[in-house]
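> what follows is a predicted structure for the sequence shown.
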Amino acid sequence: MDAINLNIENTLNFINTEKLNLLMQEAQKALVTLEKGNGLGNDFLGWLNLPESIDYKEIYTGISELRSKVDTVVVVGIGGSYLGARAVISALSNSFVPTKPEILFAGNSLDENYHNDLFNYLQNRNFGIVVISKSGTTTEPAIAFRILKKMVESKYGIEEARSRIIAITDKERGALRKLADKEGYKSFIIADDIGGRFSVLSPVGLVPIALAGIDIAKILEGAKDMNRFTTSDKSIEDNIVIKYAAIRNLLYQRGKNIEILTSYSPKLFFLVEWWKQLYGESEGKGGKGIFPAGVINTTDLHSLGQYIQDGERMIFETVLDIKTEGARVAIPEVKDDLDNLNYLAGKDMHYVNRMAMQGTLLAHVEGGVPNIELSLSTLDEYSIGALLFFFEKACAVSGYVLGVNPFDQPGVEAYKSKMFELLGKPK
Ligand code: PA5
C-alpha cells in the first residue's frame with residue numbers, strides 16, 4: 001500500500017535474521033489466529049470488521065442536530081473512550097484555529113483546575129456534550145458529565161438540554177445507558193465485542209471526529225485498504241503487520257524493553273498517546289511486555305535526546321515519517337546572514353525537519369538504538385485511517401506472539417479498588 005511503508009533496515013544489525021524469519025512465521029500464524037477468531041480474547045474482535053461494517057452515514061445523521069445548534073462540543077471520556085478522537089482531530093485540524101464546532105475534552109482526568117477553566121470557558125459558549133463510556137460507570141467521565149449535564153440543563157432548560165447531549169455507550173448495561181434511555185438522548189452503541197482502545201473506528205472515535213468536520217468516510221477507506229493489504233494470504237515479506245509485530249517482539253527478546261514512538265510533528269502528540277495506550281494496555285500484563293513511550297522531535301531532542309543517544313541501551317525506536325506536508329513554509333534569504341542560515345535559504349521547514357529526522361535516526365542507530373521507520377506518504381484522512389488500523393492489527397498480532405491476551409486489561413482495576421476504598425464508596 002502506497003500510503004504507508006515500513007522499513008526495518010536499521011534494526012538488522014541488532015538482530016539475527018534467521019530468528020527474524022522464524023518470528024515472522026510465528027506472526028503470520030498469529031495473524032491467521034486473529035482472522036479465524038480462535039485466539040485469546042476472541043470475544044473482543046468486533047473492531048476487525050469496523051472499516052467494512054460501520055455505517056458512517058448513520059453517524060452524520062445522528063450528529064446533525066447537535067452540529068447545527070452549537071459552537072462548542074465537550075467530549076467526555078477517558079482512555080480508549082477519548083484518545084482516538086483526540087489523536088485524529090489534533091492530527092488533521094489547524095493547530096491554532098478551532099474546528100467548527102470547537103471540540104473540547106473533559107473527564108479524562110480528575111484535575112480540578114483544568115475542569116474549572118473549562119467550565120468557566122463554557123459560560124460564554126453555545127455548547128453541547130458527547131459523553132462516551134462503554135461501562136457507563138468510569139469515575140472520571142461520570143463526575144465531569146454530572147457537572148456538565150447540570151450546566152447544560154440550567155443554561156438551556158431540561159428539554160433543550162436533551163437535544164444537546166449525545167451518549168455513546170453499551171447497548172443495555174451501565175448507568176449511562178439507563179440515563180440515556182430515560183432522558184431520550186440521541187445515542188450510539190459500543191458493541192460488546194469492541195474494547196475501548198480498539199474503538200476509534202466505531203462511534204466512539206467517529207462521532208467526535210465527524211463533529212470536528214473531518215471526513216470519516218475517507219478515514220474508513222484508508223482503514224479498509226490497510227485491512228485488505230495485510231491479510232494473512234499476502235506474502236510475509238510485504239505484510240507490514242507481520243513485519244512490525246515480528247521485529248518488535250524480536251527486539252524485546254534481545255533486551256530492548258522500551259519502544260519509543262517518535263514523531264517529528266507536534267500535531268501527532270495525541271496519536272502517540274493513543275498508540276501508548278493501545279500497546280501498553282494490550283501487552284503489559286503477566287510480568288511481560290514492551291513499555292511504550294513517546295517523543296515529539298525535534299522538541300524532545302533538547303530534553304530526552306541525550307538519554308536516547310547515550311543512556312541505558314534497552315530502547316528501540318519506531319519513527320513516524322511524514323514524507324510530504326501540505327503546507328510550504330520557506331526559509332528566507334537575508335542580507336547580513338548573521339545567523340548563518342542563508343545556506344538553507346529557499347528550503348522549506350519540512351525539508352529541514354526531515355533532515356533532522358534522518359540525521360537523528362543515523363545517530364541513534366550508531367548509538368545502539370535500533371530504528372524502525374514507518375512512513376506516511378502524507379498526513380490526511382486516508383493515511384490516518386490506514387495508520388490507525390495498521391497499529392490495531394499489528395498490536396493484536398504482536399500480543400499473540402508475546403503470548404498474552406491483547407484484549408483484556410486486568411491491571412487497571414487495582415488502582416480503582418484502592419481509590420474507592422479511600423473515597424468510602426459503598427460496597
Ligand atoms: O481501553 C480501555 O478499555 C480503557 O481505556 C477504557 O476505554 C477506559 O477505561 C474507559 O472506559 P469506559 O469507556 O468504560 O468509561
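Yep, that arrived.
> what is the lengthiest helix in the chain packed up against?
The helix that spans the most residues within the chain, counting by DSSP state H, is helix 381-402. When contacts are defined as 3 or more CB pairs under 8 Å, 6 or more residues apart in numbering; DSSP states H and E, helix 381-402 packs onto strand 4-7, helix 17-36, helix 83-92, helix 216-229, helix 240-253, helix 269-283, strand 371-378. In short, each C-beta sits where N, CA and C put it, glycine included.
> how about the helix or strand that that helix is followed by, does it get close to the ligand?
Remark: after helix 381-402, the chain's next helix or strand is helix 413-423, criterion DSSP states H and E. No: using CB under 6 Å from any ligand atom, helix 413-423 stays clear of the ligand, with a minimum separation of 9.5 Å.
> can you pull up the most central residue in this protein?
The centre of the chain sits closest to residue 274, judged by CA atoms, centre = their mean, with a distance of 2.8 Å.
> that residue against residue 81, yeah?
No: Residue 274 sits out of contact with residue 81 when judged by CB atoms under 8 Å, with a separation of 11.6 Å.
> with only the CA atoms kept, save the lowest-mean-pLDDT helix or strand in the chain in PDB.
Least confident element among the helices and strands of the chain, by mean pLDDT, DSSP states H and E: helix 413-423 (a mean of 90). The C-alpha coordinates for helix 413-423 follow below in PDB (Å, rounded to 0.1, in the frame of the first residue of the first chain):
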ATOM      1  CA  GLU A 413      -8.800  -2.500  38.300                       C
ATOM      2  CA  ALA A 414      -6.100  -2.400  41.000                       C
ATOM      3  CA  TYR A 415      -6.000   1.400  41.400                       C
ATOM      4  CA  LYS A 416      -9.800   1.700  41.300                       C
ATOM      5  CA  SER A 417     -10.400  -0.600  44.300                       C
ATOM      6  CA  LYS A 418      -7.800   1.300  46.400                       C
ATOM      7  CA  MET A 419      -9.200   4.600  45.300                       C
ATOM      8  CA  PHE A 420     -12.800   3.600  46.100                       C
ATOM      9  CA  GLU A 421     -11.700   2.300  49.500                       C
ATOM     10  CA  LEU A 422     -10.200   5.700  50.200                       C
ATOM     11  CA  LEU A 423     -13.200   7.500  48.900                       C
END
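> residue 53: how many residues sit nearby?
A count of nearby residues for residue 53, using other CB atoms under 10 Å, gives 12.
> show me the contacts for the closest residue in space to residue 169 that isn't next to it in sequence.
Using CB to CB, 6 or more residues apart in numbering and skipping the chain neighbours, the partner closest in space to residue 169 is residue 176 (4.2 Å). Residue 176 makes contact with 131, 133, 136, 137, 142, 145, 167, 169, 170 under the criterion CB atoms under 8 Å, 6 or more residues apart in numbering.
> near the ligand, which of the residues you listed show up?
When contact is defined as CB under 6 Å from any ligand atom, these meet the ligand at residue 133.
> between the contacts of residue 176, which is nearest the ligand?
If you rank the contacts of residue 176 by distance to the ligand using CB to the nearest ligand atom, residue 133 comes first, at 3.3 Å.
> next, give phi and psi for that closest one.
phi -160, psi 120 (degrees, to the nearest 10).
> check residue 202 too.
phi -100, psi -180.
> ok, it touching residue 50?
Yes: counting by CB under 8 Å, residue 202 touches residue 50, with 5.8 Å between them.
> so what pLDDT did the closest residue to the ligand within the stretch 251-400 of the chain get?
As assessed by CB to the nearest ligand atom, the ligand sits closest to residue 281 within the stretch 251-400 of the chain, at 5.5 Å. Looking at residue 281, its pLDDT reads 97.
> which residues does it contact?
Neighbouring residues of residue 281 by CB under 8 Å, 6+ apart: 79, 80, 197, 409, 412.
> what sits in contact with each of residue 202 and residue 50?
Contacts common to residue 202 and residue 50, judged by CB under 8 Å, 6+ apart, are residue 194.
> tell me the domain boundaries of this structure?
Domain ranges of the chain: 4-40+220-402, 49-217, per automatic domain parsing.
> looking at those domains, spot the one closest to residue 418.
Nearest to residue 418 among the domains of the chain is domain 49-217; the distance by CB to CB comes to 12.5 Å.
> next, the distance between the ends of the closest one.
In domain 49-217, first residue to last residue: 15 Å (CA to CA, to the nearest Å).
> what mean pLDDT does it have?
Across domain 49-217, the average pLDDT comes to 97.
> please convert the domains of the chain to TSV, extending it with distance to residue 421.
As requested, the domains of the chain are exported to TSV (distance: least, CB to CB, whole Å):
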stretch	distance to residue 421
domain 4-40+220-402	23
domain 49-217	13
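> closest one to residue 424 among those domains?
If we rank those by CB to CB, the stretch that ends up nearest is domain 49-217, at 13.3 Å.
> point me to the residue of the stretch 1-150 of the chain nearest the ligand.
For the stretch 1-150 of the chain, CB to the nearest ligand atom, closest residue to the ligand: residue 79, 2.4 Å.
> count of neighbours near that residue?
21.
> contacting residues for the residue of the stretch 101-250 of the chain found nearest the ligand?
Nearest residue of the stretch 101-250 of the chain to the ligand, counting by CB to the nearest ligand atom: residue 196, 2.1 Å away. Residues in contact with residue 196 (CB under 8 Å, 6+ apart) are 79, 80, 81, 134, 204.
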